[in-house]
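*Asks:* Please find the sequence and the predicted model below.
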Amino acid sequence: MIISGYLSRGNFSKISLEVEVPDEIYANSEFAIKIRLINQKRFFPLFLMKVNILEKERLFPFVQRKNSEISHILLKFNQRGKFSIREINLCSVFPFNFFIKCSRLQKDIEFIVFPEMKRCKHADYLAKDMKTAGDRNIMKQGFDSEPIFIRDYAEGDPLKYIHWKATAKTGKLKTKELSSQSYKPVIIDFESFDIKEVEEKISCITYMINSYIKRGVPVGLKINGEIYKEGISRQHKINMLKALALYGK
């Protein structure tokens, strides 16, 4: 018993934990947080360490000395808004679950869950404004015409646009970003949007913003007295989705 307790305490020494939360999370959709368990011991490996975050658990069977291991925990939130991870529980079940020692790490990890995306009858609400400005191609995102640059693969990208040479070279999936036809910019006015139920309206607008930007259509948003000018960048999309996620909160 004494030896087991000693081994368990030694297993806990000189370890640290890093947690990475993705910056694009949607309500009612699973997402993965990345956990990196770091063993800073000079001479001894780390055995059988359990990590518990928001009641989800992962076991790290073994981490070599002066090394680290990565795992993932799947989470899902059923509503939009701001959330946080304030504490993480670590439990050493070494040796062989005979002696269990736990420790609580205090963290301050905040993140925003975007609204659930829902296609609705208003999804083509602004289709009449998406008229092309002629047949001239310009340097905007889209999936037609000539490639303009290569970026990391994003969920939903057509497989036919994967750049296999760049993927093989980097070891990560890469997508060809192509030029598209120029579209007339559109702005979604939250207050005048013709859906009465607030959450349904927010989910529909979230779907529209993602859809327009993916198709290379510059889109903006009026909400809560703020105006987000038309654009197609990822950061622009994130900013608008944050405003929707925090609406009324």
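*Replies:* Cool, the structure landed.

*Asks:* alpha carbons only for contacts and neighbour counts from here, please
*Replies:* OK.

*Asks:* Let me see the mean pLDDT of the biggest helix by length in the chain.
*Replies:* Criterion DSSP state H: the longest helix present in the chain is helix 198-214. Averaging pLDDT along helix 198-214 yields 94.

*Asks:* got the buried residues for it?
*Replies:* For helix 198-214, burial by neighbour count (16 or more other Cα atoms under 10 Å) applies to 199-210, 212-214.

*Asks:* Could you do stretch 58-73 as well?
*Replies:* Counting neighbours by 16+ other Cα under 10 Å, one finds that the buried residues in stretch 58-73 are 59-60, 63-64, 66, 68, 73.

*Asks:* for the record, mean pLDDT for that stretch?
*Replies:* Across stretch 58-73, the average pLDDT comes to 94.

*Asks:* please renumber so the chain begins at 560
*Replies:* Got it, the first residue is 560 from now on, which makes the last one we talked about stretch 617-632.

*Asks:* if we can go back for a sec, show residues contacting the longest helix of the chain.
*Replies:* Residues outside helix 757-773 that contact it (Cα atoms under 8 Å, 6 or more residues apart in numbering): 674-679, 681-682, 700-701, 747, 752, 754, 777-778, 790-792, 796, 800, 803.

*Asks:* Kindly state the domain boundaries assigned to the protein.
*Replies:* 561-672, 686-701+738-804 (automatic domain parsing).

*Asks:* Select, out of these, the one closest to residue 730.
*Replies:* domain 561-672 (17.3 Å; Cα to Cα).

*Asks:* Quick one: distance of that closest one to the chain centre.
*Replies:* Computed by Cα atoms, centre = their mean, to the nearest Å, the chain-centroid distance of domain 561-672 equals 19 Å.

*Asks:* rewinding a little: is it possible to export the domains of the chain to JSON lines including distance to residue 717?
*Replies:* Below are those laid out as JSON lines (distance: least, Cα to Cα, whole Å):
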{"stretch": "domain 561-672", "distance to residue 717": "19"}
{"stretch": "domain 686-701+738-804", "distance to residue 717": "11"}
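
*Asks:* Lowest mean pLDDT across these, which one is that?
*Replies:* domain 686-701+738-804 (a mean of 80).

*Asks:* which other residues reach stretch 799-807?
*Replies:* 639-641, 671-674, 761, 765, 779-780, 782-783, 787.

*Asks:* Quick check: buried residues in that stretch?
*Replies:* Across stretch 799-807, burial judged by 16+ other Cα under 10 Å covers 799-804, 806.

*Asks:* do stretch 773-789 as well
*Replies:* Neighbour counts over stretch 773-789 (16+ other Cα under 10 Å) mark 773-782, 787, 789 as buried.

*Asks:* Please narrow these to those residing in strands.
*Replies:* In this view, the buried residues of stretch 773-789 that belong to strands under DSSP state E are 778-782, 787, 789.

*Asks:* Make a markdown table out of those and add distance to residue 610.
*Replies:* Below are those laid out as a markdown table (distance: Cα to Cα, whole Å):
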| residue | distance to residue 610 |
| --- | --- |
| 778 | 41 |
| 779 | 41 |
| 780 | 40 |
| 781 | 42 |
| 782 | 40 |
| 787 | 40 |
| 789 | 43 |
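
*Asks:* which strands and helices sit next to the helix or strand hosting residue 726?
*Replies:* According to DSSP states H and E, residue 726 maps onto helix 723-729. Under the contact definition 3 or more Cα pairs under 8 Å, 6 or more residues apart in numbering; DSSP states H and E, helix 723-729 sits against strand 733-737.

*Asks:* Distance check, residue 788 against residue 803.
*Replies:* 15 Å (Cα to Cα, to the nearest Å).

*Asks:* quick one: the helices in the chain?
*Replies:* 561-571, 723-729, 757-773, 793-804.
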